[in-house]
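1. Mind looking at a prediction? Sequence and model below.
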Amino acid sequence: MAKVPFIVQPHLTAIAIGYRQGNLIADMVAPRTPVFTKDFSWQKYELAEQFTVPETRVGAKGQPNQVDWKSTPVSDSVVDHALDAPVTNESIEQFQRAQAAGLAPNAVDPLIKATRLVRGLVATRREQRVATLMTTLGNYASTNRTTLSGTSQWSDYTNSDPHYAMMMAMDGMIIRPNTLVLGRAVFTVLSLHPKIKSAIYGSVNGNQKAVTREALAALLELDNVHVGEGWLNTAAKGQTPNITRIWGKDAALVSINADADTESGLTFAQTAEFGSPVAGTIEDSDIGMRGGVRVRSGESVKEFVSANDLGYLFKAAAA
């Protein structure tokens with residue numbers, strides 16, 4: 001039996017490309033960069049070697065010494081990530097009849113609804129992958145990671161000092177980070193921490209105002225504070241839902257360069273993207289009594305850490 005083809009639908013693909021879920025930060029902390037084949041290579045940087053300064057004197061007829069960022073090429077491949085959503089022919093026909101009769105001018109095409117649903121789920125799974133990448137101890141240089149516990153956790157408002165801890169961490173890094181990445185639970189702890197509030201407002205006596213992301217970024221001399229607020233059901237299908245935060249209770253100080261690509265440019269993490277997100281339909285006679293279509297949307301990407309010296313991880317930053 002011949003296989004039913006997947007037909008890319010331009011109007012659905014436009015929705016998939018333009019889709020934005022407000023509480024996801026993966027594209028901001030692991031920026032996308034295009035690759036032109038599914039198999040590609042990227043540069044793994046070891047920055048410690050970059051600060052051995054060679055002789056700079058040049059003889060009258062000599063040539064200057066040459067320097068370059070030393071890196072190791074790493075072979076890799078993008079991975080396809082896609083989901084299907086069934087739509088019955090009956091629901092499609094009902095929508096078309098209503099539109100033709102002018103009965104539901106604000107109704108949304110069921111194919112568009114399905115595309116948004118699928119694209120949102122694919123994006124949420126990507127958020128989980130990036131969160132795992134950013135909060136794995138082994139993705140950071142051995143001197144750029146620490147696991148907090150007890151009174152050192154930032155949720156201990158009496159004994160901990162997150163402002164001091166982060167400033168000292170940044171001072172010890174080869175290249176100063178420009179971004180703080182953390183989950184909502186940790187940001188809430190920081191925004192109410194007396195020492196953070198005192199550093200920003202001068203006094204916390206009678207001041208119930210929580211610290212904003214912009215104020216925290218200014219305090220730490222950072223460009224951005226990105227707060228992950230996504231949720232994910234980790235229970236198996238059919239089991240009682242277990243809804244958990246995608247970004248847990250860790251905090252990462254990282255250097256993000258949106259202009260970096262797989263060949264050049266320094267950034268902590270990035271995402272290789274082959275092509276762009278696509279969406280389309282597949283006819284399926286087994287959907288309902290009258291058949292239907294499966295709406296499929298997906299993308300071909302691979303997330304990776306290219307310079308682990310450019311990040312510092314506080315594991316278990318809050319209890």
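-> Structure's in. What do you need? Residues are numbered from 1 along each chain as shown.
2. pretty sure Val211 contacts Ser198?
-> No - counting by C-beta atoms under 8 Å, Val211 stays clear of Ser198, with 10.4 Å between them. Where C-beta positions appear, they are placed from N, C-alpha and C, glycine not excepted.
3. Looking at the two, which is more packed in?
-> Between Val211 and Ser198, counted using other C-beta atoms under 10 Å, Val211 has the larger neighbour count: 19 against 14.
4. any idea which element that one lies in?
-> Using DSSP states H and E, Val211 maps to neither a helix nor a strand.
5. how deep is Thr132 tucked in, by neighbour count?
-> 14.
6. So it belongs to a helix, correct?
-> Yes - residue state for Thr132 (DSSP: H, G, I helix; E, B strand; the rest coil) corresponds to a helix.
7. What residues does it make contact with?
-> Neighbouring residues of Thr132 by C-beta atoms under 8 Å, 6 or more residues apart in numbering: there are none.
8. Any figure for the gap between Ser77 and Asp27?
-> To Asp27, Ser77 is 20 Å away according to C-beta to C-beta, to the nearest Å.
9. can you give me the helices for this structure?
-> Taking DSSP state H as the criterion, the chain carries its helices at 10-18, 26-29, 89-100, 110-134, 162-171, 184-191, 194-201, 213-219.
10. With respect to Ala279, which of the ones you listed lies nearest?
-> When the helices of the chain are compared for distance to Ala279 using C-beta to C-beta, the nearest one is helix 10-18, at 3.7 Å.
11. where in the chain is pLDDT low?
-> Counting by pLDDT under 70, the chain shows low-confidence ranges at 1-2, 48-53, 67-69, 203-208.
12. ok, 90 please
-> For the chain, the stretches with pLDDT under 90 are 1-7, 15-23, 45-72, 99-107, 174, 201-209, 232-241, 243, 264.
13. pull the longest strand from it.
-> Under DSSP state E, the strand in the chain containing the largest number of residues is strand 269-284.
14. could you give the angle of that strand to helix 10-18?
-> 150 degrees (axes from the mean of the first three to the mean of the last three C-alpha atoms, to 10 degrees).
15. any idea how far strand 269-284 is from the chain center?
-> 17 Å (C-alpha atoms, centre = their mean, to the nearest Å).
16. List the strands paired with that strand, with their directions.
-> strand 7-8 (antiparallel), strand 32-35 (parallel), strand 292-305 (antiparallel) (DSSP bridges).
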